[in-house]
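Enquirer: Sharing a model prediction with you, sequence too.
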Amino acid sequence: MKSILLRTVALSALMTSQALAADLAVKAPPVQAPVPVSPLYNWSGFYAGLNAGADFAYSGDPSTSASCAVPTGFSFGIFACADVPRVNAAGTGSMHRTGFTGGGQAGYNWQRDALVLGGEVDFGAFSGKASRSGGGTYALNSSATYAVTDTVNAHWLMTARARVGVAFDNVLLFATGGLAVTDLSASNSFSDSLSFATGTWNASSTKTGWTAGAGVEWGVARNWTVKAEYLYVHFDSINASGFVTGNFGAAAYGSAISTSTDLSAHIARAGINYRF
C-alpha cells in the first residue's frame, strides 16, 4: 500500500512539472535593427555646368558655278566657255577640319521610375573652319594655271535639345536631339599664275540647323554629375556670289561666279554638372 502511494505522488509531481513547463512563455528571439537601404539616385531638378571636347567639321561638297561670259571682240579669257567646267570642278570638293569646342550648359530633368525626360541648352566656342584649294590650266593656254580656294568657318555653336534617358540608379543613358544655331561664313577666291584675273566672293549668315546624339551621365555625388556625349550637327548651305575680273586696264571684264557651301560636324565632349 505504501509503495502504491509513493508511485501516485511521484506521477502527480511529474505531470504538474510538465504542465508548468507548457505554461511558460517561449522566449522571443532578439529584435534586430533593420539594415539601412541607400536611396536611389534622383535625377529630377535643374542643373548647370561646363563642357569641353573636339569637333570634326567638314563640308560635304562645296559647289562652284562659273558663268560663260566673253565680251564681244574679246575671244579669250579665263571663263571662255571651254574653261567653265574646269573652274567649276576646281571649286568643288569636300573640306575637313578638327578643332576645339567648349562652353556651358543648363537644363532640367524630370524622373518617373527609371524614365528620365528633360531639356538642355548649351552655348560655346566652335572651331568649325575647313578649307581646300583646287586648280587647273586654261583651255586656251595650257601653260597658265589657276586656283579656286574655298573656306567655310563657324566660331560659336548653340543647341537647344530634348533628352530622353533610362536611369540605372546613379547612371543615366540618354539620347538627345533638337535645334542647332551657328554663325556660318564662306570665303572663296580665284587667282592664276599670270596675274591675269582675280576675284573673291564671300557670304555669312546666322544659320539654324539640327543636331542629334547620345551619351552617358554619372552621379558622382548628391549634387554633382559628370558626362560624356556625342553630337552630330548639320547646317544647310549658304551661297556666296561675286565676280572674277581681269587685270589689264581698258580690256577688263567681269565674269560671275558663285559657290554653295554647307557645314556638318561630329562633336565628342565631356562635361560636369551641378544639380540644384
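Expert: That came through fine.

Enquirer: what are the ranges of the strands in the stretch 1-150 of the chain?
Expert: 45-59, 63-66, 95-112, 115-126, 130-138, 141-153 (DSSP state E, counting those that start in this stretch).

Enquirer: Can you tell me which of these is most buried?
Expert: strand 63-66 (a mean of 20; mean count of other C-beta atoms under 10 Å). (Glycine included, C-beta is placed from N, CA and C.)

Enquirer: Partner strands of it, with direction?
Expert: strand 254-275 (antiparallel) (DSSP bridges).

Enquirer: Alpha carbons of the partner strand, as CSV, please.
Expert: Output in CSV follows, covering the C-alpha atoms of strand 254-275 (Å, rounded to 0.1, in the frame of the first residue of the first chain):
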residue,chain,number,x,y,z
GLY,A,254,33.8,90.6,-115.2
SER,A,255,32.5,87.1,-115.1
ALA,A,256,30.0,86.0,-112.4
ILE,A,257,30.9,83.1,-110.1
SER,A,258,29.2,81.6,-107.0
THR,A,259,29.8,78.8,-104.5
SER,A,260,27.3,77.0,-102.3
THR,A,261,28.8,75.6,-99.0
ASP,A,262,27.3,73.6,-96.2
LEU,A,263,28.8,72.6,-92.8
SER,A,264,28.4,69.5,-90.7
ALA,A,265,30.4,68.3,-87.6
HIS,A,266,30.9,65.4,-85.3
ILE,A,267,31.4,66.5,-81.7
ALA,A,268,32.8,64.4,-78.8
ARG,A,269,32.9,66.1,-75.5
ALA,A,270,32.9,65.6,-71.7
GLY,A,271,31.2,67.8,-69.1
ILE,A,272,30.4,68.3,-65.4
ASN,A,273,27.1,69.5,-63.9
TYR,A,274,25.9,70.8,-60.6
ARG,A,275,22.4,69.8,-59.6
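
Enquirer: roughly how far out does that strand sit from the chain middle?
Expert: Put simply, strand 254-275 sits 10 Å off its chain's centre (C-alpha atoms, centre = their mean, to the nearest Å).

Enquirer: And that strand, what's buried?
Expert: Residues of strand 254-275 classed as buried: 254-265, 267, 269, 271, 273, 275 (neighbour count, 16 or more other C-beta atoms under 10 Å).

Enquirer: Quick check: buried residues in stretch 177-192?
Expert: Those buried within stretch 177-192 under the rule 16+ other C-beta under 10 Å are 177, 180-192.

Enquirer: May I see the strands of the stretch 1-150 of the chain organised as a markdown table, with mean pLDDT added?
Expert: Converted to a markdown table, the strands of the stretch 1-150 of the chain look like this (pLDDT from 0 to 100):
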| stretch | mean pLDDT |
| --- | --- |
| strand 45-59 | 95 |
| strand 63-66 | 87 |
| strand 95-112 | 95 |
| strand 115-126 | 96 |
| strand 130-138 | 89 |
| strand 141-153 | 89 |
